[in-house]
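> Could you work out the structure for the sequence below:
(one chain, ligands or ions: 1)
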Amino acid sequence: MNRNPCINIALIGLGYWGKNLLRNIVQSKYSGKIYVCDTDALLVQDAFARYRLSGSYTDADQIFETPEIEAVVIATPTSSHYELARKALLAGKHVLIEKPATTSTAQIAELISIAEGRKLTLMVDHIYLYNPAVLKLREFITDHKSIGKMHYIDSTRINLGIYQSDVNVLWDLACHDIAIINYLVDERPVSVKAIGRVNPLHGMEDVAYLFLQYDSGLLAHINASWASPVKIRKMILGGEKQMVIYDDIEPTNKLIVYDYEQISENDEGKNQLTDYRLGNVVMPKFELREALTNVVDGFYEAIRSGLPPLADGNNAAEVIHILECAQQSLHLGGETIAIR
Ligand SMILES: NC(=O)c1ccc[n+]([C@@H]2O[C@H](COP(=O)([O-])OP(=O)(O)OC[C@H]3O[C@@H](n4cnc5c(N)ncnc54)[C@H](O)[C@@H]3O)[C@@H](O)[C@H]2O)c1
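The predicted model follows:
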């Protein structure tokens, strides 16, 4: 167990998301010396001019060769995660990788094995697991079970761009929904079906619809798109006793919980008709804190305690396995794929 409260850390990748990570790393009281790396020298210069940093590089190998660096954050394009994370772990560094962690279950399995063998922390930035609204939502579903048996989850995650160069919209956006749903419900889907449309200019799916089925009867639907004129981050969850709307775009009232009752009436004894009547509506209060701040602090906490973080390698492997099955379904034009 590391007794020093501050950890020397290096961030690889200073693009769109790396800049957000760097801001949070700089702000964290647990950060020791901070190093940055990007193959783009201008981004490195810019970061160095903006913050007090201990070193900057344009070649990630220099980070792996610096013994003083204890932990590495990888925010480069997805296809480069595996190789960089593998080198970092083999060099004895704790690793936080951006989502999706890797492009295959074989790759994440290897990273888990190296990290376990060397007693290193391997964490993945499944940021919504550190989002206070999602944590609150889990209370309704798993802890208090006030929502009752889950019937359906309908998630919409759409916006205009940003097109990732090396993965399609499933891996980029639906990855978040799968991670959230896996966290919210204590069961895993038994099958997946996905359809999408390939953007001819990009060569990959920029619109995708994914359907997950569960043994309990739960149905989940995810709509992921980089081709929408509006940004929507909305999940509707239907249970036996409550329905919840989780809207991550809402600045404060991100969660609305509807009590309802299901009314059955006989239509002259012929058909059993079902109706719904809404009851109380509650907007639960919870502390609003930037999820990425929680991610960075969660990484430090896992390193210090030696305990697995909430979003550990195994958690990421489950998400990647579902994405692989969904990808297979996409290629087969929406065929149902069993998830084993
Ligand atoms: N958790 C989230 O909510 C979230 C949000 C956005 C992006 N991401 C993830 O972050 C990662 C990066 O996405 P982005 O949008 O910031 O991409 P980006 O293209 O804006 O930035 C990637 C940066 O990595 C640098 N880079 C590439 N290869 C490198 C290497 N070998 N060594 C050093 N630097 C290298 C590039 O020069 C670039 O500056 C992706 O995996 C993406 O899925 C996560």
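> burial count for the spatially closest residue to residue 227 that is not a sequence neighbour?
Closest residue to residue 227 apart from its sequence neighbours, by CB to CB, 6 or more residues apart in numbering: residue 206 at 4.9 Å. The way it works is simple: take the backbone N, C-alpha and C, and place the C-beta from them, glycine included. Residue 206 has 23 neighbours, counted by other CB atoms under 10 Å.
> I figured residue 206 was touching residue 164, is that so?
No. Counting by CB atoms under 8 Å, residue 206 stays clear of residue 164, with 9.9 Å between them.
> Within range of the ligand, give me the residues from the chain.
12-18, 37-40, 43, 60, 75-78, 80, 98-99, 125, 127, 172 (CB under 6 Å from any ligand atom).
> Narrow those residues to those that are buried.
The neighbour-count criterion (16 or more other CB atoms under 10 Å) marks 12-14, 17-18, 37-38, 43, 60, 75-76, 78, 80, 98-99, 125, 127, 172 among the residues of the chain next to the ligand as buried.
> For the residue in the chain positioned nearest to the ligand, grab phi and psi.
Nearest to the ligand, among the residues of the chain, is residue 15, at 1.8 Å (CB to the nearest ligand atom). Main-chain dihedrals, residue 15, degrees, to the nearest 10: phi -80, psi -150.
> pretty sure it contacts residue 43?
Yes. The criterion here is CB under 8 Å, and residue 15 meets it with residue 43 at 7.2 Å.
> residue boundaries of the strands in the stretch 101-250 of the chain?
All strands of the stretch 101-250 of the chain, identified by DSSP state E, counting those that start in this stretch, fall at 122-125, 150-160, 191-199, 204-213, 219-225, 227-239, 242-247.
> and among those strands, the most buried is which?
strand 122-125 (a mean of 28; mean count of other CB atoms under 10 Å).
> roughly how far out does that strand sit from the chain middle?
10 Å (CA atoms, centre = their mean, to the nearest Å).
> Can you give me the pLDDT of residue 142?
Residue 142 carries a pLDDT score of 86 in this model.
> Tell me, how many residues neighbour it?
Neighbours of residue 142 using other CB under 10 Å come to 14.
> so it sits right up against residue 187, yeah?
No. The pair residue 142 / residue 187 is not scored as a contact, 10.8 Å apart, by CB under 8 Å.
> Could you list the domains of the protein?
By the assignment in automatic domain parsing, the chain contains the domains 7-127+292-311, 129-290+321-338.
> Lowest average confidence across those domains, which one?
Across these, domain 129-290+321-338 gives the lowest mean pLDDT, at a mean of 93.
> Quick one: end-to-end distance for that domain.
One end of domain 129-290+321-338 sits 26 Å from the other (CA to CA, to the nearest Å).
> quick one, longest helix in the chain?
helix 313-331 (DSSP state H).
> just to revisit the earlier point, sitting in strands, which of the buried ones among the residues of the chain next to the ligand do you find?
If you go by DSSP state E, these have 12, 37, 98, 125 in strands.
> Next up, the contacts around the residue nearest to the spatial centre of the chain.
In the chain, the residue lying closest to the centroid (CA atoms, centre = their mean) is residue 126, at 2.8 Å. Taking CB atoms under 8 Å, 6 or more residues apart in numbering, we find residue 126 in contact with 99, 176, 179, 183, 311, 315-316, 319.
> now swap in residue 26 and tell me
34, 51.
> how near is it to residue 255?
Using CB to CB, to the nearest Å, residue 26 is found at 30 Å from residue 255.
> do the same with residue 32
With CB to CB as the criterion, residue 32 and residue 255 are 36 Å apart.
> again with residue 107
Counting by CB to CB, the gap from residue 107 to residue 255 is 35 Å.
> Pick out whichever of those two has more residues nearby.
Taking neighbours as other CB under 10 Å, residue 107 and residue 255 compare with residue 255 leading, 23 against 18.
> Report the contact partners of the more buried one.
Counted by CB under 8 Å, 6+ apart, residue 255 has contacts 133, 136-137, 244-246, 283-284, 286.
> Which pair of these spans the longest distance?
Using CB to CB, the contacts of residue 255 span at most 15.1 Å, a distance reached by 245 and 286.
> The residue nearest to residue 227: what's it in contact with?
Counting by CB under 8 Å, 6+ apart, residue 206 has contacts 163, 168-169, 196-199, 225-227.
> go on, residue 220?
Taking CB under 8 Å, 6+ apart as the test, what residue 220 contacts is 152-155, 177, 181, 189, 211-214.
> switch to 6 Å and redo it
By CB atoms under 6 Å, 6 or more residues apart in numbering, the contact set of residue 220 is 153, 181, 212.
> if we can go back for a sec, switch the contacts of residue 206 over to TSV; also include distance to residue 55.
As requested, the contacts of residue 206 are exported to TSV (distance: CB to CB, whole Å):
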residue	distance to residue 55
163	32
168	35
169	36
196	42
197	45
198	42
199	40
225	40
226	35
227	40
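> which of those lies closest to residue 332?
Nearest to residue 332 among these, with distances taken as CB to CB, is residue 196, at 11.9 Å.
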